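**Student:** A structural model of the following input is requested.
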Amino acid sequence: MSTTWPAALAGNGDMNGLKPAWDSVTTINVGKGFVCNDTTYDYIISSGVISIDLTASGAGGLDTGSGAVDTWYYIWGIGDVENGTTSAMFSLSSTDPTMPGAYTLKRRIGEVRTDSSGDILEFWMLSRATLRRVYWLEDPESVCQVLSNGTATTFTDVDCSSLCPPTARMMSLWVDSRVKDSHFKAKGGNHCQKHVDENRSETFDMLMDANQVIQYEKTSSGGGVNISVAGYISGY
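**Tutor:** Now for the predicted structure:
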């Protein structure tokens, strides 16, 4: 259902539930809950689970076109005020999805990534109001790895955009360092955000630039650095 609340009781930051959960390589389930429309005080409310399928079209599917490989799709909760119905859908757009039928309310509530076969990567989301953390449930040493045995001795780019969406505020890295000391920072950043000691594996959060690029360096000869994206944090 969809409803309008008085301005004194509502706010565009309100979000409780409507949390996406991986179901299969083509489908996502959105849990019950409510979110405030992204531009007005109208609420999108769901009392049950909504299933959305990347192979379907419109509400409950992809807003336009067909699913593609190696692509980010954004998950939108949508509402139809006139008929009092709620649904969800995928879109290539993080800001302006193509709205189906009489649906006019919308709020971005998540995102998914397809692999080289067009399958949705498995994930788990932890939510707290409008801040949501996503963990990848894929193999960290193959699917989620963005650097293997890196040996750069000056700060060098590592592109993480295949596993961290443009809408993310921060990413979570899993680093396996086989050198005396390795350093990590956002591209363009002036200071090292993290250093990892020799022969140590560690998971930590860090900032990145607008293109989801970080930089690393090792400070001694021998060994190498492996980096995987464990997940990311987004705001909605």
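**Student:** neighbours around residue 148, how many?
**Tutor:** For residue 148, the count of nearby residues is 13 (other CB atoms under 10 Å). From N, CA and C alone the C-beta is placed, and that goes for glycine too.
**Student:** pretty sure it contacts residue 178?
**Tutor:** No. Taking contacts as CB atoms under 8 Å, residue 148 lies outside contact range of residue 178: 11.5 Å.
**Student:** shared neighbours of these two, which are they?
**Tutor:** The contact sets of residue 148 and residue 178 overlap at 224, 226 (CB atoms under 8 Å, 6 or more residues apart in numbering).
**Student:** Just confirm residue 206 contacts residue 171, I think it does.
**Tutor:** Yes. Applying CB under 8 Å, one finds residue 206 in contact with residue 171, separated by 6.5 Å.
**Student:** any weak-confidence spans in this protein?
**Tutor:** Scanning the chain for pLDDT under 70 picks out 1-13, 188-192, 197-199.
**Student:** Show me it divided up by domain.
**Tutor:** 2-121, 145-235 (automatic domain parsing).
**Student:** now for the ones you listed, which one comes closest to residue 134?
**Tutor:** Ranking those by proximity to residue 134 (CB to CB) places domain 145-235 first, at 4.9 Å.
**Student:** thinking again about what came up before, what is in contact with residue 206 and residue 171 at once?
**Tutor:** With CB under 8 Å, 6+ apart as the test, residue 206 and residue 171 both reach residue 214.
**Student:** out of these two, which sits in the more crowded spot?
**Tutor:** A count of neighbours by other CB under 10 Å puts residue 171 above the other of residue 206 and residue 171, at 24 against 16.
**Student:** so the more buried one is in which element?
**Tutor:** Here residue 171, judged by DSSP states H and E, is contained in strand 168-177.
**Student:** Pairing partners for that strand, with directions?
**Tutor:** strand 200-206 (antiparallel), strand 225-235 (antiparallel) (DSSP bridges).
**Student:** Please identify the deepest-packed of the ones you listed.
**Tutor:** Highest mean neighbour count among those (mean count of other CB atoms under 10 Å): strand 225-235, with a mean of 21.
**Student:** Only alpha carbons, please: show stretch 28-43 as PDB.
**Tutor:** Output in PDB follows, covering the C-alpha atoms of stretch 28-43 (Å, rounded to 0.1, in the frame of the first residue of the first chain):
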ATOM      1  CA  ILE A  28      15.700 -10.900  -5.100                       C
ATOM      2  CA  ASN A  29      13.200 -10.800  -2.200                       C
ATOM      3  CA  VAL A  30      12.400  -7.400  -0.600                       C
ATOM      4  CA  GLY A  31      11.200  -7.800   3.000                       C
ATOM      5  CA  LYS A  32       8.200  -6.000   4.600                       C
ATOM      6  CA  GLY A  33       8.500  -2.500   5.900                       C
ATOM      7  CA  PHE A  34       8.200   1.100   4.800                       C
ATOM      8  CA  VAL A  35      10.300   3.900   3.200                       C
ATOM      9  CA  CYS A  36       9.500   7.500   2.500                       C
ATOM     10  CA  ASN A  37       9.300   8.600  -1.100                       C
ATOM     11  CA  ASP A  38      12.500  10.300  -2.300                       C
ATOM     12  CA  THR A  39      10.900  13.600  -3.100                       C
ATOM     13  CA  THR A  40       7.700  13.900  -1.100                       C
ATOM     14  CA  TYR A  41       6.200  12.900   2.300                       C
ATOM     15  CA  ASP A  42       4.300   9.900   0.700                       C
ATOM     16  CA  TYR A  43       5.200   6.500   2.200                       C
END
